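Colleague: no FASTA, just this:
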């Protein structure tokens with residue numbers, strides 16, 4: 001009975017699906033108002049906000065969950081985090097100019113963080129807190145990397161001010177996700193509806209608002225200096241009609257005239 005009541009509560013929650021869709025469309029429109037070589041962050045955040053819209057559509061429809069004991073666990077929430085957290089780590093890493101090794105490591109840390117939390121949510125014994133501890137420790141590694149190592153790299157590119165604003169923002173929100181998990185799928189202190197409200201506020205600050213701020217600030221960045229102007233290095237070896245350009249035409253040897 002408790003599970004059914006919680007299931008009905010989910011239908012009474014109206015997440016801002018329309019806002020997510022509007023933000024997705026807005027960021028997508030901005031893609032076409034910027035140069036092609038300056039759209040990398042637009043693409044990343046458009047897809048991330050879109051995944052959030054799908055997640056909240058599922059939750060508002062009372063879908064994307066399974067029963068764990070007498071409680072609903074919405075695995076759709078963790079799917080959203082598995083996309084949103086790595087995209088934030090990727091964006092911060094690309095902006096700061098750290099090595100791809102560091103970026104990939106931070107992405108993997110964010111995945112480990114989310115996967116251990118979902119493992120904890122499906123564990124009905126006190127062993128769930130072991131998964132929680134592993135996940136929170138991994139989050140700490142991610143936080144130190146994005147706040148210290150990446151900040152030092154951003155200073156070399158003279159973009160430390162913008163980087164720190166975005167990095168501190170996302171890390172302040174990340175700090176509250178362990179609290180949200182502990183109160184919801186961890187200790188079950190908040191019911192499903194209360195969990196929706198708490199996590200929903202965090203998700204809004206985590207990706208839609210942060211992503212829009214990221215895109216807004218990116219208008220002043222020199223993508224060439226940041227080495228993010230991926231499209232500007234392309235060239236067309238033809239003259240447009242399929243024939244090779246004159247400077248690229250193959251060199252043919254001239255016949256040597258006989259005396």
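Modeller: Cool, got the structure. Computed from a predicted structure; not experimentally measured.
Colleague: all strands for the stretch 1-150 of the chain, in order.
Modeller: In the stretch 1-150 of the chain, the segments counted as strands under DSSP state E, counting those that start in this stretch are 66-68, 71-73.
Colleague: tell me the mean pLDDT over the last one?
Modeller: Throughout strand 71-73, pLDDT has a mean value of 92.
Colleague: what lines up beside it in the sheet?
Modeller: Strand pairing for strand 71-73, using DSSP bridges, gives strand 66-68 (antiparallel).
Colleague: Name the surrounding residues that touch the partner strand.
Modeller: Applying CB atoms under 8 Å, 6 or more residues apart in numbering, the contact partners of strand 66-68 are 3, 72-73, 75, 121-122, 124. C-beta coordinates here come from the backbone N, C-alpha and C atoms, glycine included.
Colleague: what about that strand, distance to the chain center?
Modeller: 27 Å (CA atoms, centre = their mean, to the nearest Å).
Colleague: Give me the buried positions along it.
Modeller: residue 68 (16 or more other CB atoms under 10 Å).
Colleague: try stretch 78-88
Modeller: By neighbour count on 16+ other CB under 10 Å, the buried set for stretch 78-88 is 78-88.
Colleague: and the closest residue to residue 182 other than its chain neighbours, how many neighbours does it have?
Modeller: Among residues not flanking residue 182 along the chain, residue 132 sits closest, at 7.2 Å (CB to CB, 6 or more residues apart in numbering). Counted by other CB atoms under 10 Å, the residues lying close to residue 132 total 22.
Colleague: What's the per-residue pLDDT of residue 132 here?
Modeller: Looking at residue 132, its pLDDT stands at 98.
Colleague: Isn't it up against residue 121?
Modeller: No. Counting by CB atoms under 8 Å, residue 132 sits too far from residue 121 to count as a contact (9.3 Å).
Colleague: Overlap in contacts, those two.
Modeller: Common contacts of residue 132 and residue 121, defined by CB under 8 Å, 6+ apart, comprise 181, 186.
Colleague: where in the chain is pLDDT low?
Modeller: Within the chain, the ranges that satisfy pLDDT under 70 run 1-38, 230-259.
Colleague: who's in contact with the closest residue to residue 93 other than its chain neighbours?
Modeller: Leaving out its chain neighbours, the residue that sits closest to residue 93 by CB to CB, 6+ apart is residue 103, at 3.5 Å. By CB under 8 Å, 6+ apart, the contact set of residue 103 is 89-90, 93-94.
Colleague: Show me which pair in these is furthest apart.
Modeller: 89 and 94 (9.7 Å; CB to CB).
Colleague: quick revisit: which one (most neighbours) among the contacts of residue 103?
Modeller: Scoring those on neighbours with other CB under 10 Å, the highest-scoring entry is residue 89 at 25 neighbours.
Colleague: Identify, from the contacts of strand 66-68, the entry nearest to residue 214.
Modeller: Closest to residue 214, out of all of the contacts of strand 66-68 and judged by CB to CB, is residue 75, at 27.3 Å.
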